[in-house]
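> Mind folding the following:
(2 chains, ligands or ions: 2)
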Amino acid sequence: MNTASSESLPNGVSDKRLVLSVRDARKAYGFVTALAGASLDLHEGEIVALLGDNGAGKSTLIKAITGIVTLDSGAIELDSRPLRLRSPADARASGIETVFQDLAVFDNLTVSDNFLIGREQTWPRWLGPLGFLSAGQEQKQWREHASALSVSHVSPSQEIGLMSGGQRQAVAVARAVAFARRVVILDEPTAALGVRESDEILTMVRRLPERGLSVIIVSHNMDHVVRVADRAVVMRQGRSVGEMTVRQGVQKDLVAMIMGVT
Amino acid sequence: METQAGIAGKSSDTVTGRRDSLSVLLWLLQAGPIIILVTLVVAFGLLAPHFISVRNLQNLLAQSAIVCALGLGQFLVILVRGVDVSVGSVIALSVVTVAAVTGVDQPTSFALVIYPLVGLVVGLINGLLIVKGGIPQPLVVTVAMLGIVAGVALLISGGNTLVGVSPAVHWLANGKVLGIPAGALMVLILAGLFWLMLRRTQWGRWLYAVGGNPDVAQWVGLPRDTLIMSAYAICGTTAGIAGMLYHGRTGSASPLSGIGYELDAITAVVVGGASLFGGRGSITNVLFGALIIATIRSGLQQLDVSPFWSSVAIGIGILVALELDVLRKHIENRIRTLRARQVNQ
Ligand SMILES: Nc1ncnc2c1ncn2[C@@H]1O[C@H](COP(=O)(O)OP(=O)(O)OP(=O)(O)O)[C@@H](O)[C@H]1O
Ligand SMILES: [Mg+2]
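Ligands and ions are numbered 1, 2, ... in the order given. The predicted structure is shown next:
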């Protein structure tokens, strides 16, 4: 079962510097074992697709890297240093940004509120969270990033709950991309989207390595995987069971690996 | 080619048209509380000859000040998807504590601090139980607190009512500044402060965020538990302030003060358009909600309708407000789907 990983290790990619590595991650929710020794490597400027059937443990692995879930055992390293995450804020401070499954935005806030949430600048500083916000400054910040992230057609003062799924997802992705310094993680970013909206998100993702970012993307759509990913890692029942360099036409092989038929 | 473009253009137009009419409906729902208030005042003004008189309007404002104060804090709690039904008993506890500590008619300003302080303590306990105690049902926790606090108020007072109130508190509840009841003015200033905090500070935005989506709030690293705690702490504090106004208006410290006021507070917030789903509503609408309740009470009284009917009217008001909230959610979903259809066309 575990043999597939060594035989299809791609050349070239592994020469690049290792950014993130997860070793032997284990996590149980009560009697449910979500992770049973999962491992994952992510190199500089690489886009890795994390694949697996429903319940394989993909989201749990991601939540561990993001500091939402604490592993029972296992090691996470960022730039070859152990990464200790006590909260999601720690992950963000380390340069890891995540777009969570199921459109993780605040429907009742505006676009620029969502974009800056948790990073607002307040005045005066010493008042901390009780300090005042500057709407003008925030819209400016949004516009600066928006043009670079191809979401400039979205109005910053609009309430995000009234926007289409694609626009909302675009803002969530923009939030992650704008503030990530090392790694962007996307958990099924196109799951709820139409064709054109998916297209825009995938184009945005494909360009992230230009900004020096590495990407982990979860998807159930093999065509999307082939379009954006350099490498695919497959999980089954909480374990990483194989990986494969992604090229045109490997869709069938990927599906076979996910289902465990060889 | 041409016909195709024509068809696409036309269907896109109707989608836009539908969306725009839905947007207008949404706007009407948001402006609802002020429209209802104005309608009520005009209607009662036409029906009851003395309804729109300086005396009566002053009375109405003074009466609504207590519910307004309660509503401000209650709104924060409802904003973060909670509810606090212990506020009525906090009125009683703050009143009898002041009576026990300083006596009822001492002209001491020290008492002014005790009322909100008592509320703060109860609010903090509520918040701690809900956040750290791992009991995620605010209704149950605060019902239990209602019983405990009411009991403690009886224990402290020995069940006795002390007649009297310090002059400062009496003035706050009954005095006037330029013809405006002092209590109403104080609550208005407090409301201004709340508005500023909610709409212009990071804390306020985070509170809306936690109400909008508690899970995501935690995922993006907001101090969710502290934020929820702060809402309950402030809710308790405003209940203490309401206790002060209550003491001033009744002129005596009874352990049975404030019974039933939690309902008025929750009604004010809900009729004011805040969503029990969390994350929605505004301070100004809470004030309108409290005024709507006071207007219904006072108007029906002027028309010599039995006060039992105002209870029924207010109950119906809550139900209508809740249904409108559901309708609002529905409209928002429709707008979103129409947008998506337009984008993917
Ligand atoms: N909070 C939780 N409590 C209990 N069990 C959980 C929890 N979260 C996940 N699980 C279980 O852990 C296992 C792995 O779930 P996970 O969400 O990581 O899978 P996934 O690969 O992301 O699936 P999907 O493709 O459906 O998103 C599943 O069996 C799931 O039921
Ligand atoms: Mg998942």
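
> Tell me who's in contact with the residue nearest the centre of chain A.
For chain A, A:Ile185 is the residue whose C-alpha lies nearest the centre (C-alpha atoms, centre = their mean; 1.2 Å). A:Ile185 makes contact with A:62, A:65-66, A:96-99, A:176, A:215-217, according to C-beta atoms under 8 Å, 6 or more residues apart in numbering or on different chains. For the C-beta atoms, the positions are set from N, CA and C on the backbone; glycine is no exception.

> Show me which of these are buried.
Buried members of the contacts of A:Ile185, counted by 16 or more other C-beta atoms under 10 Å in any protein chain shown: A:62, A:65-66, A:96-99, A:176, A:215-217.

> Out of the residues you listed, list just those in helices.
Assigned to helices by DSSP state H, the following of the buried ones among the contacts of A:Ile185 qualify: A:62, A:65, A:176.

> Quick one: residues contacting the first one.
Looking back up the chat, that one is A:Ile62. By C-beta under 8 Å, 6+ apart, A:Ile62 lies in contact with A:50, A:98, A:185, A:187, A:216, A:218.

> measure it to ligand 1 for me?
Distance, A:Ile62 to ligand 1, by C-beta to the nearest ligand atom, to the nearest Å: 8 Å.

> next one: the last one
Distance of A:Ala176 to ligand 1, computed by C-beta to the nearest ligand atom: 18 Å.

> That residue reaches A:Glu97, doesn't it?
Yes - using C-beta atoms under 8 Å, A:Ala176 is in contact with A:Glu97, at 3.8 Å.

> Overlap of the contact sets of these two?
With C-beta under 8 Å, 6+ apart, A:Ala176 and A:Glu97 have common neighbours A:184-185.

> Nearest residue to the middle of chain B?
Chain B, centroid-nearest residue using C-alpha atoms, centre = their mean: B:Gly71 at 2.4 Å.

> Now do it against B:Asn213, distance only.
Here B:Gly71 is placed at a distance of 24 Å from B:Asn213 (C-beta to C-beta, to the nearest Å).

> How about A:Val241?
Per C-beta to C-beta, A:Val241 is found 34 Å from B:Asn213.

> Could you do A:Gly55 as well?
A:Gly55 is 24 Å from B:Asn213, by C-beta to C-beta.

> Next, count neighbours for A:Glu159.
Using other C-beta atoms under 10 Å in any protein chain shown, the number of residues around A:Glu159 comes to 15.

> Write out the residues of chain A neighbouring ligand 1.
For chain A, the residues in contact with ligand 1 (C-beta under 6 Å from any ligand atom) are A:29, A:32, A:34, A:52, A:54-60, A:101.

> one more time with 5 Å, if that's ok
Residues of chain A that fall close to ligand 1, judged by C-beta under 5 Å from any ligand atom: A:29, A:32, A:34, A:54-60.

> Now the buried members of these.
A:34, A:56-60.

> could the residues you listed be laid out in TSV, adding pLDDT and secondary structure?
Output for these, formatted as TSV (pLDDT from 0 to 100; DSSP: H, G, I helix; E, B strand; the rest coil):
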residue	pLDDT	secondary structure
A:Ala34	97	strand
A:Ala56	96	coil
A:Gly57	96	coil
A:Lys58	96	helix
A:Ser59	95	helix
A:Thr60	96	helix
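
> and which of the residues you listed is nearest to chain B?
Closest approach between those and chain B, by C-beta to the nearest C-beta: A:Ser59, at 11.6 Å.

> Need the mean per-residue confidence for stretch B:179-187.
Averaging pLDDT along stretch B:179-187 gives 94.

> Now it - C-alpha only, CSV.
In CSV, the C-alpha atoms belonging to stretch B:179-187 read as follows (Å, rounded to 0.1, in the frame of the first residue of the first chain):
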residue,chain,number,x,y,z
GLY,B,179,-37.1,69.4,29.0
ILE,B,180,-35.6,66.1,28.1
PRO,B,181,-35.7,63.4,30.8
ALA,B,182,-32.2,63.0,32.3
GLY,B,183,-32.4,59.2,32.2
ALA,B,184,-33.2,59.2,28.5
LEU,B,185,-30.4,61.6,27.8
MET,B,186,-28.0,59.4,29.7
VAL,B,187,-29.1,56.3,27.8
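
> Now it: buried residues?
Neighbour counts over stretch B:179-187 (16+ other C-beta under 10 Å) mark B:181-187 as buried.

> Show me how far that stretch is from its chain's centre.
Averaging C-alpha positions (C-alpha atoms, centre = their mean, to the nearest Å) puts stretch B:179-187 18 Å from its chain's average.

> cool, and stretch A:25-39?
The answer for stretch A:25-39 is 20 Å, by C-alpha atoms, centre = their mean.

> How about the contacts made by whichever residue of chain A sits closest to ligand 2?
Of all residues in chain A, the one sitting closest to ligand 2 is A:Ser59 (3.0 Å; C-beta to the ion). With contacts defined as C-beta under 8 Å, 6+ apart, the neighbours of A:Ser59 are A:101, A:187, A:218.

> What of B:Leu93?
Each residue near B:Leu93 by C-beta under 8 Å, 6+ apart is listed here: B:118, B:122, B:149-150, B:152-153, B:156, B:243.

> between those, which is nearest chain A?
Proximity of the contacts of B:Leu93 to chain A (C-beta to the nearest C-beta) peaks at B:Val122, which lies at 22.7 Å.

> The closest residue to B:Ala100 other than its chain neighbours: helix or strand, and which one exactly?
Spatial nearest neighbour of B:Ala100, excluding adjacent residues (C-beta to C-beta, 6 or more residues apart in numbering or on different chains): B:Ile156 at 5.4 Å. Assigned by DSSP states H and E, B:Ile156 belongs to helix B:138-157.

> do the same with A:Ala38
Assigned by DSSP H and E, A:Ala38 belongs to strand A:32-43.

> In the longest helix that chain B contains, which residues have enough neighbours to count as buried?
Secondary structure of chain B per DSSP H: the longest helix is helix B:307-343. Neighbour counts over helix B:307-343 (16+ other C-beta under 10 Å) mark B:310, B:314, B:317, B:321, B:324-325, B:328, B:331-332, B:335-336, B:338-340, B:343 as buried.

> That one packs against which elements?
helix A:165-179, helix A:195-206, helix B:2-30, helix B:261-271, helix B:283-302 (3 or more C-beta pairs under 8 Å, 6 or more residues apart in numbering or on different chains; DSSP states H and E).

> strands paired with the strand holding A:Ala38, and their directions?
Within its sheet, and counting by DSSP bridges, strand A:32-43 is paired with strand A:18-29 (antiparallel).

> what does the partner strand contact?
For strand A:18-29, using C-beta under 8 Å, 6+ apart, the contacting residues are A:33-44, A:46, A:57, A:60-61, A:64-65, A:69, A:71-80, A:96, A:182-183, A:214, A:216, A:238.

> any idea how far it is from the chain center?
Taking C-alpha atoms, centre = their mean, one finds the center of strand A:18-29 at 15 Å from the center of the full chain.

> Report the rounded mean pLDDT for that strand.
So the average pLDDT for strand A:18-29 ends up being 96.

> okay, the angle between it and helix A:58-65?
Per axes from the mean of the first three to the mean of the last three C-alpha atoms, to 10 degrees, the angle that strand A:18-29 makes with helix A:58-65 is 110 degrees.

> Buried residues, strand A:18-29. List them.
By 16+ other C-beta under 10 Å, the buried positions in strand A:18-29 come out as A:18-22, A:25-27.

> And stretch B:94-107, by the same measure?
B:94-99, B:102, B:104-106.

> And for stretch A:98-118?
For stretch A:98-118, the neighbour count (16+ other C-beta under 10 Å) marks A:98-101, A:103-118 as buried.

> returning to what we had before: which one of the contacts of A:Ile62 is nearest A:Ile258?
Set against A:Ile258, the nearest of these by C-beta to C-beta is A:Leu50 (11.0 Å).

> what residue ranges in the stretch 101-250 of chain A are flagged as low confidence?
For the stretch 101-250 of chain A, no stretch is flagged by pLDDT under 70.
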